[in-house]
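Asks: okay, predicted coordinates and the sequence, questions at the end:
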Amino acid sequence: MELEGNVKNYEWGKLGESSEVARLVKANNENFNILNNTPYSELWMGDHGSGPSVVKSSGQVLGEVYKQRLPYLFKVLSVRKALSIQVHPNKEEATRLHKERPDLYKDPNHKPELAIALTPFMALCGFRPYSEIHRFCEEIPPLKELLGGDAVVNGLSNGSVDDLKKCYQTLMTANSATVSSIIDTILKDYDNVLLKYSLQDIFITINSDFPGDVGVLSLFFLNLLYLQPGESIYLGANEIHAYLSGDCIECMACSDNVIRAGLTPKFKDVKQLLASLNYTGSPASSKLFQPKELDENSKLFAPPIPDFAVVQISLSPSSPSASEYTLKLPQSPGILLVLSGSRTLRLKGHSDLVLKRGSIVFIPPENMNNIELLNLDKKNTDFNAYLATGNSFN
């Protein structure tokens with residue numbers, strides 16, 4: 001059955017027609033009116049209570065038609081300015097936080113997530129190798145002084161987890177006036193360091209959007225990743241991260257729990273973030289998540305958790321499967337999103353459905369083992385789609 005997703009208008013989203021979220025929604029619903037100065041940040045596809053999808057033909061929410069809860073939440077994000085420095089709790093923490101503060105933590109579930117770039121995409125993800133953080137401290141003395149000087153910072157060169165904890169906790173709890181002053185000093189006196197490590201533009205941009213925010217200095221602690229379309233990152237529980245710019249597909253466990261501590265006007269739970277963090281340092285390249293080829297037309301992104309997996313489908317007119325392509329997957333509920341092109345979807349026991357850009361389709365578990373995509377009109381165009389499902393692949 002065809003669905004309409006739920007649109008979120010968070011302030012950090014791309015505006016108007018520049019948002020892929022807005023363009024996809026418009027493609028799926030010609031009556032949708034895109035407003036030029038409105039942010040269209042997220043498109044939710046699933047049955048989460050904070051933004052359930054609805055069935056196009058009836059207007060019913062998905063959960064009323066498919067009675068079993070989906071284990072995942074499927075999204076498209078269009079990022080204009082940085083999201084918060086954040087982590088997502090593990091299941092044990094999520095249960096406790098939801099019980100203690102249900103106003104902040106909306107459900108008791110964990111929230112591992114996968115992001116796949118649709119356009120050039122920039123993100124902070126995980127701690128840098130300790131040696132890199134130490135190098136920044138040596139080359140920017142005001143930063144080292146803030147963190148406690150040689151007595152603390154030198155431990156980073158020896159890979160001391162305790163010293164990284166001390167440094168980052170000192171940073172995140174520092175006086176806001178002190179942080180703002182150090183940022184100004186770096187811009188004035190250490191722009192050569194920013195240039196040397198290709199950080200000047202993003203440092204200036206984030207500080208412009210969040211003046212004097214402690215999250216600006218997190219650039220010296222966290223890996224900065226530049227993803228090209230099709231590249232992905234997987235974020236397990238308590239992995240610190242922040243999306244900075246671009247458009248992406250995102251899939252996660254069915255949760256909306258976020259522990260924030262910087263680059264946000266929302267509530268900052270700094271104490272909880274510092275307690276939850278995974279302080280492991282690793283190079284930026286290690287954060288890229290590699291898909292597996294299912295066949296020449298499909299790639300599988302299957303993280304090491306049972307909640308979700310994502311299949312990328314790419315059909316070109318020159319492919320041997322251009323006219324008829326069949327995908328056979330484990331029986332788990334699926335949601336298909338079409339990004340470009342047109343095909344006819346054929347599922348046993350259902351009427352044929354013409355797919356086009358923006359189409360969102362729920363596929364019942366019993367149909368996942370025989371998904372037919374047919375080019376009945378013999379259109380000479382590429383077809384690109386993503387399919388979210390439960391993870392029975394590992």
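Replies: Sure, I can see it.

Asks: secondary structure class for His98?
Replies: helix (DSSP: H, G, I helix; E, B strand; the rest coil).

Asks: the residue lying closest to it once chain neighbours are set aside - how many residues pack around it?
Replies: Closest residue to His98 apart from its sequence neighbours, by Cβ to Cβ, 6 or more residues apart in numbering: Pro108 at 4.2 Å. Every C-beta, even on glycine, is put in place using the N, C-alpha and C of the backbone. By other Cβ atoms under 10 Å, 18 other residues sit near Pro108.

Asks: low-scoring stretches of this protein, by residue?
Replies: 394 (pLDDT under 70).

Asks: and the longest helix for it?
Replies: Ranked by residue count under DSSP state H, the longest helix found in the chain is helix 176-189.

Asks: returning to that earlier point: so which helix or strand takes in the residue nearest to His98?
Replies: Here Pro108, judged by DSSP states H and E, is contained in no helix and no strand.

Asks: could you check how far the most centrally placed residue in the chain is from Asp201?
Replies: Compute the mean C-alpha point of the chain, and by Cα atoms, centre = their mean the closest residue is Ala115, 4.2 Å away. According to Cβ to Cβ, to the nearest Å, Ala115 and Asp201 sit 21 Å apart.

Asks: distance between the longest helix of the chain and the chain's centre?
Replies: 30 Å (Cα atoms, centre = their mean, to the nearest Å).

Asks: farthest residue from the center of this structure?
Replies: In the chain, by Cα atoms, centre = their mean, Ala151 is the one farthest from centre (36.9 Å).

Asks: give me the residues contacting whatever helix or strand that one lives in.
Replies: Per DSSP H and E: Ala151 is located in helix 150-153. The contact list for helix 150-153, computed with Cβ atoms under 8 Å, 6 or more residues apart in numbering, reads 134, 137-138, 144, 147, 163, 166-167, 170.

Asks: any of those buried? List them.
Replies: Those of the contacts of helix 150-153 that meet the buried threshold are 134, 137, 144, 147, 163, 166-167, by 16 or more other Cβ atoms under 10 Å.

Asks: I'd like those as a markdown table, with distance to Leu194 and secondary structure appended.
Replies: Formatted as a markdown table, these follow (distance: Cβ to Cβ, whole Å; DSSP: H, G, I helix; E, B strand; the rest coil):
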| residue | distance to Leu194 | secondary structure |
| --- | --- | --- |
| His134 | 17 | helix |
| Cys137 | 15 | helix |
| Lys144 | 16 | helix |
| Leu147 | 18 | helix |
| Asp163 | 24 | helix |
| Lys166 | 25 | helix |
| Cys167 | 20 | helix |
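
Asks: from Leu274, how far out is the closest residue to Cys167 other than its chain neighbours?
Replies: The shortest distance from Cys167 to any non-neighbouring residue, by Cβ to Cβ, 6+ apart, is to Leu147 (4.6 Å). In this view, Leu147 and Leu274 are 14 Å apart by Cβ to Cβ.

Asks: all helices of this protein, in order?
Replies: Counting by DSSP H, the helices of the chain are 20-28, 62-65, 91-100, 130-139, 141-147, 150-153, 161-172, 176-189, 191-196, 200-209, 214-217, 270-276.

Asks: do you know which of the ones you listed lies nearest Lys379?
Replies: Lys379 sits nearest to helix 20-28 of all those, at 16.1 Å, using Cβ to Cβ.

Asks: tell me what the residue nearest to the centre of the chain is bridged to.
Replies: Ile233, Glu250 (DSSP bridges).

Asks: same question, Leu337
Replies: Bridge pairing for Leu337 - DSSP bridges - gives Ile360, Tyr386.

Asks: quick one, domains of the chain?
Replies: Residue ranges for the domains of the chain, per automatic domain parsing: 129-220, 292-389.

Asks: would you list these in CSV and tack on distance to Glu231?
Replies: Shown next, in CSV, are these (distance: least, Cβ to Cβ, whole Å):
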stretch, distance to Glu231
domain 129-220, 18
domain 292-389, 11
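
Asks: quick revisit: against Pro39, how distant is the residue nearest to the centre of the chain?
Replies: Look at Ala115 and Pro39: by Cβ to Cβ, they are 19 Å apart.

Asks: same question for Ala27.
Replies: 19 Å.

Asks: these two - which one has more neighbours?
Replies: Between Ala27 and Pro39, counted using other Cβ under 10 Å, Pro39 has the larger neighbour count: 22 against 16.

Asks: that one contacts Val21, doesn't it?
Replies: No. Using Cβ atoms under 8 Å, Pro39 is not in contact with Val21, being 9.2 Å away.

Asks: joint contacts of these two?
Replies: With Cβ under 8 Å, 6+ apart as the test, Pro39 and Val21 both reach 13-14.

Asks: before we move on, the earlier item: Pro71 is nearest to which of the domains of the chain?
Replies: Closest among those, using Cβ to Cβ: domain 292-389, at 4.6 Å.

Asks: next up, the contacts around Ala117.
Replies: Per Cβ under 8 Å, 6+ apart, neighbours of Ala117: 227-232, 246-248.

Asks: if we go to 6 Å?
Replies: Residues in contact with Ala117 (Cβ atoms under 6 Å, 6 or more residues apart in numbering) are 227, 229, 231, 248.

Asks: ok, now Glu324?
Replies: Leu374.

Asks: Lys287 versus that one, what's the distance?
Replies: Glu324 is 38 Å from Lys287, by Cβ to Cβ.
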